[in-house]
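K.L.:
build me a structure from this.
(chains A and B)
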Amino acid sequence: MTSANSLVVLDFETTGLSPNMGDRAIEIAGVRLENGQVVDSFQSLMNPGRRVSGFIEDYTGITNEMLVDASACETVMGEFADFIGDANLVAHNASFDQRFLDEELARIGRSYTGEFVCSMLVARRIYQDAPNHQLGTLIKHVNIPADGVFHRALYDSQMTAKLWQEMLESIESRYALENIPFALLKKIARTPKKNLHKMLQAY
DNA sequence: TGCCAGGCCCTCTTTAGGGCCTT
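P.N.:
Below is the predicted model of the structure:
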(Lines give C-alpha, C1' and ligand atoms only; values in the text may rest on other atoms or scores of the structure.)
Protein backbone atom coordinates (compact mmCIF):
# COMPACT_ATOMS: atom_id res chain seq x y z
CA MET A 1 0.00 0.00 0.00
CA THR A 2 1.30 3.43 -0.90
CA SER A 3 1.36 6.38 1.44
CA ALA A 4 -0.11 9.76 0.59
CA ASN A 5 3.27 11.26 -0.31
CA SER A 6 4.47 8.29 -2.35
CA LEU A 7 6.19 9.24 -5.58
CA VAL A 8 7.35 7.00 -8.42
CA VAL A 9 10.24 8.14 -10.61
CA LEU A 10 10.06 6.18 -13.84
CA ASP A 11 11.95 5.73 -17.10
CA PHE A 12 11.22 3.89 -20.35
CA GLU A 13 13.57 2.48 -22.94
CA THR A 14 11.74 2.15 -26.25
CA THR A 15 12.16 1.21 -29.91
CA GLY A 16 12.05 4.90 -30.86
CA LEU A 17 10.63 8.29 -30.07
CA SER A 18 6.98 8.06 -30.95
CA PRO A 19 4.23 5.60 -30.08
CA ASN A 20 2.19 7.31 -32.81
CA MET A 21 4.78 6.05 -35.29
CA GLY A 22 4.47 2.50 -33.97
CA ASP A 23 7.25 2.57 -31.41
CA ARG A 24 6.90 0.30 -28.36
CA ALA A 25 8.43 0.05 -24.91
CA ILE A 26 11.28 -2.44 -24.39
CA GLU A 27 12.13 -1.70 -20.74
CA ILE A 28 10.40 0.04 -17.85
CA ALA A 29 11.74 0.87 -14.43
CA GLY A 30 10.59 2.91 -11.49
CA VAL A 31 11.75 3.75 -7.99
CA ARG A 32 9.30 4.63 -5.26
CA LEU A 33 10.25 7.55 -3.01
CA GLU A 34 8.68 8.07 0.38
CA ASN A 35 9.90 10.93 2.56
CA GLY A 36 12.93 11.31 0.33
CA GLN A 37 13.96 7.67 0.62
CA VAL A 38 13.87 4.94 -2.02
CA VAL A 39 11.58 2.29 -0.53
CA ASP A 40 10.90 0.07 -3.55
CA SER A 41 11.89 -0.42 -7.16
CA PHE A 42 10.68 -2.14 -10.31
CA GLN A 43 12.56 -3.07 -13.48
CA SER A 44 11.70 -5.30 -16.40
CA LEU A 45 12.60 -5.80 -20.02
CA MET A 46 9.66 -6.53 -22.30
CA ASN A 47 9.31 -8.07 -25.73
CA PRO A 48 7.80 -5.55 -28.18
CA GLY A 49 6.96 -8.28 -30.69
CA ARG A 50 9.46 -7.18 -33.28
CA ARG A 51 13.17 -6.58 -33.67
CA VAL A 52 14.71 -3.37 -32.41
CA SER A 53 17.06 -1.34 -34.59
CA GLY A 54 20.82 -1.40 -34.36
CA PHE A 55 20.70 2.18 -33.20
CA ILE A 56 18.55 1.26 -30.21
CA GLU A 57 20.76 -1.75 -29.42
CA ASP A 58 23.77 0.57 -29.35
CA TYR A 59 22.01 3.42 -27.56
CA THR A 60 20.55 1.33 -24.74
CA GLY A 61 22.70 -1.77 -24.67
CA ILE A 62 19.46 -3.77 -24.90
CA THR A 63 19.86 -6.31 -27.68
CA ASN A 64 17.34 -8.35 -29.62
CA GLU A 65 18.85 -11.43 -27.97
CA MET A 66 18.02 -10.00 -24.53
CA LEU A 67 14.41 -9.40 -25.55
CA VAL A 68 13.67 -12.83 -27.04
CA ASP A 69 12.78 -14.42 -23.72
CA ALA A 70 11.35 -11.27 -22.09
CA SER A 71 7.67 -11.14 -21.14
CA ALA A 72 5.30 -9.37 -23.51
CA CYS A 73 4.65 -5.65 -23.05
CA GLU A 74 1.09 -6.44 -21.98
CA THR A 75 2.27 -8.61 -19.08
CA VAL A 76 5.00 -6.27 -17.85
CA MET A 77 2.89 -3.13 -18.11
CA GLY A 78 0.16 -4.73 -16.05
CA GLU A 79 2.69 -5.43 -13.32
CA PHE A 80 4.01 -1.88 -13.59
CA ALA A 81 0.50 -0.42 -13.31
CA ASP A 82 0.17 -2.36 -10.05
CA PHE A 83 3.56 -1.01 -8.93
CA ILE A 84 2.75 2.67 -9.50
CA GLY A 85 -0.70 2.39 -7.92
CA ASP A 86 -2.01 5.88 -7.17
CA ALA A 87 1.43 7.49 -6.75
CA ASN A 88 2.35 10.75 -8.42
CA LEU A 89 4.91 10.36 -11.17
CA VAL A 90 8.21 12.00 -12.13
CA ALA A 91 10.27 11.49 -15.27
CA HIS A 92 13.05 13.35 -17.05
CA ASN A 93 11.34 14.93 -20.07
CA ALA A 94 8.07 13.50 -18.79
CA SER A 95 6.14 14.22 -21.97
CA PHE A 96 8.08 11.39 -23.60
CA ASP A 97 7.52 8.81 -20.85
CA GLN A 98 3.90 9.88 -20.38
CA ARG A 99 3.14 9.21 -24.06
CA PHE A 100 4.51 5.67 -23.80
CA LEU A 101 2.86 5.01 -20.42
CA ASP A 102 -0.49 6.19 -21.76
CA GLU A 103 -0.14 4.14 -24.95
CA GLU A 104 1.07 0.91 -23.32
CA LEU A 105 -1.56 1.04 -20.55
CA ALA A 106 -4.34 1.85 -23.03
CA ARG A 107 -3.45 -1.34 -24.89
CA ILE A 108 -4.29 -3.39 -21.79
CA GLY A 109 -7.20 -1.32 -20.58
CA ARG A 110 -5.33 0.05 -17.58
CA SER A 111 -4.82 3.63 -16.39
CA TYR A 112 -3.32 5.58 -13.52
CA THR A 113 -4.54 8.36 -11.29
CA GLY A 114 -1.30 10.09 -10.28
CA GLU A 115 -0.08 13.31 -11.84
CA PHE A 116 3.16 13.75 -13.80
CA VAL A 117 5.81 16.35 -13.11
CA CYS A 118 8.83 16.72 -15.38
CA SER A 119 12.24 16.81 -13.67
CA MET A 120 13.74 18.43 -16.76
CA LEU A 121 11.33 21.38 -16.64
CA VAL A 122 12.10 21.86 -12.94
CA ALA A 123 15.85 21.54 -13.61
CA ARG A 124 15.74 24.17 -16.37
CA ARG A 125 14.43 26.59 -13.74
CA ILE A 126 16.54 25.53 -10.75
CA TYR A 127 19.83 25.00 -12.61
CA GLN A 128 19.75 27.80 -15.15
CA ASP A 129 23.55 27.81 -15.30
CA ALA A 130 23.93 24.13 -16.22
CA PRO A 131 25.69 23.47 -19.56
CA ASN A 132 22.52 21.72 -20.72
CA HIS A 133 19.66 19.82 -19.08
CA GLN A 134 20.27 16.28 -20.20
CA LEU A 135 20.04 13.87 -17.28
CA GLY A 136 23.72 12.88 -17.35
CA THR A 137 24.89 16.48 -17.53
CA LEU A 138 22.72 17.51 -14.59
CA ILE A 139 23.94 14.60 -12.45
CA LYS A 140 27.51 15.77 -13.06
CA HIS A 141 26.56 19.44 -12.59
CA VAL A 142 25.24 18.81 -9.06
CA ASN A 143 28.06 16.39 -8.17
CA ILE A 144 25.94 13.28 -7.70
CA PRO A 145 28.23 10.22 -7.85
CA ALA A 146 27.48 8.20 -10.99
CA ASP A 147 29.16 4.83 -11.47
CA GLY A 148 26.63 3.18 -13.78
CA VAL A 149 25.62 3.32 -17.41
CA PHE A 150 23.00 5.79 -18.55
CA HIS A 151 20.22 4.84 -20.97
CA ARG A 152 19.06 1.83 -18.99
CA ALA A 153 15.69 2.26 -17.34
CA LEU A 154 16.55 1.41 -13.73
CA TYR A 155 19.78 3.42 -13.62
CA ASP A 156 18.17 6.44 -15.26
CA SER A 157 15.19 6.31 -12.88
CA GLN A 158 17.56 5.99 -9.90
CA MET A 159 19.62 8.95 -11.12
CA THR A 160 16.48 10.99 -11.82
CA ALA A 161 15.28 10.23 -8.27
CA LYS A 162 18.59 11.50 -6.86
CA LEU A 163 18.40 14.62 -9.02
CA TRP A 164 14.81 15.16 -7.85
CA GLN A 165 15.84 14.97 -4.20
CA GLU A 166 18.75 17.33 -4.85
CA MET A 167 16.43 19.84 -6.49
CA LEU A 168 13.98 19.65 -3.60
CA GLU A 169 16.78 20.26 -1.10
CA SER A 170 18.11 23.13 -3.21
CA ILE A 171 14.71 24.84 -3.34
CA GLU A 172 14.13 24.26 0.36
CA SER A 173 17.54 25.70 1.16
CA ARG A 174 17.24 28.74 -1.12
CA TYR A 175 13.75 29.68 0.07
CA ALA A 176 13.74 28.39 3.66
CA LEU A 177 10.96 25.91 2.93
CA GLU A 178 10.26 22.47 4.37
CA ASN A 179 8.44 19.47 2.92
CA ILE A 180 7.66 21.04 -0.42
CA PRO A 181 4.34 19.63 -1.66
CA PHE A 182 4.05 17.97 -5.06
CA ALA A 183 1.63 20.70 -6.12
CA LEU A 184 4.37 23.32 -5.71
CA LEU A 185 6.74 21.28 -7.88
CA LYS A 186 4.02 21.15 -10.53
CA LYS A 187 3.72 24.92 -10.27
CA ILE A 188 7.49 25.43 -10.52
CA ALA A 189 7.59 23.34 -13.70
CA ARG A 190 5.00 25.65 -15.30
CA THR A 191 6.22 29.02 -14.03
CA PRO A 192 8.15 31.22 -16.50
CA LYS A 193 11.78 31.57 -15.43
CA LYS A 194 11.50 35.33 -15.04
CA ASN A 195 8.67 34.91 -12.51
CA LEU A 196 10.10 31.96 -10.58
CA HIS A 197 12.08 33.81 -7.93
CA LYS A 198 9.19 36.09 -7.04
CA MET A 199 6.73 33.19 -6.96
CA LEU A 200 8.91 31.14 -4.58
CA GLN A 201 9.70 34.11 -2.37
CA ALA A 202 5.99 34.76 -1.96
CA TYR A 203 5.16 31.11 -1.30
C1' DT B 1 25.78 9.64 -32.51
C1' DG B 2 21.75 10.53 -36.44
C1' DC B 3 16.62 10.12 -38.55
C1' DC B 4 11.22 9.38 -37.16
C1' DA B 5 7.32 13.06 -32.80
C1' DG B 6 5.79 16.30 -29.54
C1' DG B 7 5.94 19.68 -25.75
C1' DC B 8 8.46 23.42 -23.93
C1' DC B 9 10.75 27.70 -24.44
C1' DC B 10 13.30 31.52 -26.48
C1' DT B 11 13.32 35.30 -29.73
C1' DC B 12 15.20 39.04 -34.57
C1' DT B 13 7.53 36.27 -31.63
C1' DT B 14 2.23 35.75 -31.52
C1' DT B 15 -0.04 35.55 -39.33
C1' DA B 16 6.93 31.72 -36.88
C1' DG B 17 10.98 29.30 -36.60
C1' DG B 18 14.20 26.62 -34.36
C1' DG B 19 16.83 24.45 -30.36
C1' DC B 20 16.38 21.29 -26.54
C1' DC B 21 15.17 16.74 -24.51
C1' DT B 22 13.45 11.97 -24.49
C1' DT B 23 14.53 6.62 -27.48
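K.L.:
distance from the chain centre to stretch A:75-89, please.
P.N.:
For stretch A:75-89, the distance from its own C-alpha centre to the chain's C-alpha centre is 13 Å (C-alpha atoms, centre = their mean, to the nearest Å).
K.L.:
could you check that stretch against DNA strand B for contacts?
P.N.:
No - using C-beta under 7 Å from any atom of the strand, we find that stretch A:75-89 stays clear of DNA strand B, coming within 14.5 Å at best. Just so you know, the C-beta spots here come from the backbone N, C-alpha and C atoms, and that holds for glycine as well.
K.L.:
what's that stretch in contact with?
P.N.:
Contact with stretch A:75-89 is made by A:1-2, A:6-10, A:25, A:28, A:30, A:32, A:40, A:42, A:44-46, A:70, A:98, A:101, A:104-105, A:107-108, A:110-117, A:182, as judged by C-beta atoms under 8 Å, 6 or more residues apart in numbering.
K.L.:
what are the buried residues along it?
P.N.:
A:V76, A:M77, A:G78, A:F80, A:A81, A:F83, A:I84, A:A87, A:N88, A:L89 (16 or more other C-beta atoms under 10 Å).
K.L.:
now swap in stretch A:163-182 and tell me
P.N.:
Buried-residue list, stretch A:163-182, by 16+ other C-beta under 10 Å: A:L163, A:W164, A:Q165, A:E166, A:M167, A:L168, A:I171, A:I180, A:F182.
K.L.:
from what I see, the fourth one and A:I144 are in contact.
P.N.:
In other words, A:E166. Yes - counting by C-beta atoms under 8 Å, A:I144 is a contact partner of A:E166 at 6.5 Å.
K.L.:
now stretch A:149-157: mean pLDDT?
P.N.:
Stretch A:149-157 shows an average pLDDT of 97 in the prediction.
K.L.:
right, is that stretch up against DNA strand B?
P.N.:
Yes - on the criterion C-beta under 7 Å from any atom of the strand, stretch A:149-157 is in touch with DNA strand B at A:H151, A:D156.
K.L.:
start and end of that stretch, how far apart?
P.N.:
12 Å (C-alpha to C-alpha, to the nearest Å).
K.L.:
hmm, who's touching it?
P.N.:
A:9-13, A:27-31, A:41, A:43, A:59-62, A:92, A:135-136, A:148, A:159.
K.L.:
just how off-centre is that stretch within its chain?
P.N.:
Distance, centroid of stretch A:149-157 to centroid of chain: 10 Å (C-alpha atoms, centre = their mean).
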